[in-house]
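Enquirer: sharing a model prediction with you, sequence too.
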Amino acid sequence: MTAHSSLCSIAPPRRRGRGATANRSGRFEREVREDFDDGWGALEDLPAFATQIAHERPKNLITRNDSPDIGFERSINPYRGCEHGCVYCFARPTHAYLGLSPGLDFETRLTVKDGAAELLRREFSAPGYQAKTIAIGTNTDPYQPIERRHRVMRDILQVLADTNHPVAIVTKSAHVLRDLDLFAPMAAKGLVKVALSITTLDRKLARVMEPRASTPERCLDAIAQLTAAGVPTAVMVAPIIPGVTDHEMETILARAQAAGASEAGYILLRLPLETQDLFSAWLLENFPDKYRKVLGLLRSTREGKLYESSWGKRMTGTGPYAWTLGRRFELACERLGLSARKAKLRADLFVRPQAGGVQLSLF
């Protein structure tokens, strides 16, 4: 049985503008549920997938991790799920914890974290809190389309600016430019840097693969505008998809460097849990002639599997193909003057909010 064969594809009209092709229920459900066309035409009457918003008030906002291959200890996710719909997103399986599908549910049934700014002030005012760089955008994108209305990221960023707290942001959206008024003064203090994630420069491929993310050209323009405003900016060539986007690595790096990026990084395609079937089904539908090659190359980097979760291996893989990608990246960065070494942000300027998190201390 092939990896994709267990998924039932949703009719294209119902998923227009979305990334995933299926919507099987999450792995924790006692019963497996998914739409299936039995030939009677019942599915033709179902409406297209529309974005649905739920709200929650979390008990904690800052997430901590001790993974040795991740360059941050703390992160914040303003939303659950991501409307960008990137079919390859390694965060898709987290939707199963909500009783939802990592497929189309992940990009259409989203959760807004209400009261995030107030909660963050309270966490910052806790006795003994010590400032360290907080990463935002490592799981779901803080600048996805619903941010225009709900502005959770904007409120969080305002707290970070008010308290002089360091933050590193990753996004696939040019909407990040909205916050230049906060970024510029923070950058002058060494408190912020922004990375734009670019998977491909092929606009047509991007629209199929990451349907509601900003176009590659808009991401490059965002790098240019951030740099012009004095904000340290990086490019993430992520993910690199063997046999589909790997040939673009050097060109992406060169275009980003020309736009003003000063740092760079890359991540090899990661397919944990349900993402394997979702990506395989998408690949078979859109690139059937490359299906075997792509999955074969990926397995060559994961010791014969489609995914290896071990620290030190999951981001870049192992084997000759993975080694070649790494050397290509290093040589390109050296030639372009891009630093693979990440500049540290300042944490010594942090100003603790008063207890209650309403007003900052003046002394």
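Expert: Arrived safely. Residues are numbered from 1 along each chain as shown.

Enquirer: residues contacting the nearest residue in space to Gly312 that is not next to it in sequence?
Expert: Using C-beta to C-beta, 6 or more residues apart in numbering and skipping the chain neighbours, the partner closest in space to Gly312 is Asp69 (5.4 Å). C-beta here means a position set from N, CA and C on the backbone, and glycine is covered the same way. If you count contacts by C-beta atoms under 8 Å, 6 or more residues apart in numbering, Asp69 has them with Trp311, Gly312, Arg314, Met315.

Enquirer: for the second one, the count of nearby residues, please.
Expert: Looking back up the chat, that one is Gly312. 10 (other C-beta atoms under 10 Å).

Enquirer: kindly report the same for the third one.
Expert: When counting by other C-beta under 10 Å, one arrives at 19 neighbours for Arg314.

Enquirer: now it, what's its secondary structure?
Expert: coil (DSSP: H, G, I helix; E, B strand; the rest coil).

Enquirer: next, give phi and psi for it.
Expert: phi -70, psi -30 (degrees, to the nearest 10).

Enquirer: wait, what's in contact with the residue nearest to Arg255 when sequence neighbours are not counted?
Expert: In space, and not counting its chain neighbours, Arg255 is closest to Leu220: 5.7 Å by C-beta to C-beta, 6+ apart. With contacts defined as C-beta under 8 Å, 6+ apart, Leu220 is in contact with Leu196, Ile198, Arg255, Ala256, Ala259.

Enquirer: cool, Met236 as well?
Expert: Val170, Ala195, Leu196, Ser197, Ile198, Ala264, Gly265, Tyr266, Ile267.

Enquirer: let's see the pLDDT reported for it.
Expert: In this prediction, Met236 carries a pLDDT score of 98.

Enquirer: what do you get for Gly265?
Expert: Spelled out, the predicted local distance difference test score at Gly265 is 96.

Enquirer: just Ser6 next, same as before
Expert: 65.

Enquirer: the lowest-mean-pLDDT helix or strand in the chain - contacts with which helices or strands?
Expert: Scoring the helices and strands of the chain by mean pLDDT, DSSP states H and E places strand 63-64 at the bottom, with a mean of 94. Counting contacts by 3 or more C-beta pairs under 8 Å, 6 or more residues apart in numbering; DSSP states H and E, strand 63-64 is packed against strand 74-76.

Enquirer: what strands line up against the helix or strand just after the strand it packs on, and which way round?
Expert: Downstream of strand 74-76, the first helix or strand assigned by DSSP states H and E is strand 79-80. According to DSSP bridges, strand 79-80 forms sheet pairs with strand 109-113 (antiparallel).

Enquirer: other SSEs contacting the helix or strand just after the strand it pairs with?
Expert: The helix or strand immediately downstream of strand 109-113 is helix 116-124, counting by DSSP H and E. Packing partners of helix 116-124 (3+ C-beta pairs under 8 Å, 6+ apart): helix 152-162.

Enquirer: show me what counts as buried in the helix it packs on.
Expert: Residues of helix 152-162 classed as buried: Val152, Met153, Arg154, Ile156, Leu157, Val159, Leu160, Ala161, Asp162 (neighbour count, 16 or more other C-beta atoms under 10 Å).

Enquirer: let's see that helix as PDB, backbone CA atoms only.
Expert: Only the C-alpha atoms of helix 152-162 are listed here, as PDB (Å, rounded to 0.1, in the frame of the first residue of the first chain):
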ATOM      1  CA  VAL A 152      -3.000  39.200  18.500                       C
ATOM      2  CA  MET A 153       0.600  39.500  17.100                       C
ATOM      3  CA  ARG A 154       0.400  43.300  17.200                       C
ATOM      4  CA  ASP A 155      -0.700  43.300  20.800                       C
ATOM      5  CA  ILE A 156       2.100  40.800  21.800                       C
ATOM      6  CA  LEU A 157       4.700  42.900  19.900                       C
ATOM      7  CA  GLN A 158       3.600  46.000  21.700                       C
ATOM      8  CA  VAL A 159       4.200  44.400  25.100                       C
ATOM      9  CA  LEU A 160       7.600  43.200  23.900                       C
ATOM     10  CA  ALA A 161       8.500  46.800  22.700                       C
ATOM     11  CA  ASP A 162       7.200  48.300  26.000                       C
END
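
Enquirer: element containing His55?
Expert: strand 52-56.
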